[in-house]
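A.B. asks: Test case, fold it:
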Amino acid sequence: MAVPSGYHKPSTNHPTPLFRFLYDIEPEMRLLFTGVLGLLALCSTGVWIARRRITSEASHEFLTRLNTRFAAWWGMCAIFILGLAVGYIGSVFLFTFISFVTLREFMTVNPKHKADHR
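C.D. replies: Numbering: from 1, shown residues only. Have a look, this model is predicted:
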């Protein structure tokens, strides 16, 4: 049987079962992860250094908001990598749980009226 072009056969020699998922993904995806996480680490380090050096109140407030966004992006990357680590079925349950928590938060913040409960 012919192997389709672009097909990546998973590696069979894994150093540890804990990080097996890193060897089962395609090399291009690994390169993308490395690039995104490297850029995120570089930017987070830059914001950390800038917060230590800048004394202006307006700039400090801007850097605090930027640091909060970077923390959210780190969380998104962690959830995505966790989804890859737990496999197909695990990622379905993981994203189902995340969707439930997000919907619950939305319903908590959303204003409710009496007419909504009739």
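
A.B. asks: Please name the residues that touch the spatially most central residue of the chain.
C.D. replies: The structure's the chain has its C-alpha centroid closest to residue 77; by Cα atoms, centre = their mean the separation is 1.8 Å. Listed by Cβ atoms under 8 Å, 6 or more residues apart in numbering, the contact set of residue 77 reads 36-37, 40. From N, CA and C alone the C-beta is placed, and that goes for glycine too.

A.B. asks: of the residues you listed, buried ones?
C.D. replies: For those, a neighbour count by 16 or more other Cβ atoms under 10 Å gives an empty buried set.

A.B. asks: Output those as TSV; include the columns pLDDT.
C.D. replies: Listed next are those as TSV, based on pLDDT from 0 to 100:
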residue	pLDDT
36	91
37	91
40	93
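
A.B. asks: Including secondary structure and distance to residue 92, could those residues go into JSON lines?
C.D. replies: Listed next are the contacts of residue 77 as JSON lines, based on DSSP: H, G, I helix; E, B strand; the rest coil; distance: Cβ to Cβ, whole Å:
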{"residue": "36", "secondary structure": "helix", "distance to residue 92": "23"}
{"residue": "37", "secondary structure": "helix", "distance to residue 92": "24"}
{"residue": "40", "secondary structure": "helix", "distance to residue 92": "26"}
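
A.B. asks: got CSV for those residues, with distance to residue 57 too?
C.D. replies: Supplementary listing: those in CSV, determined by distance: Cβ to Cβ, whole Å:
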residue, distance to residue 57
36, 32
37, 32
40, 27
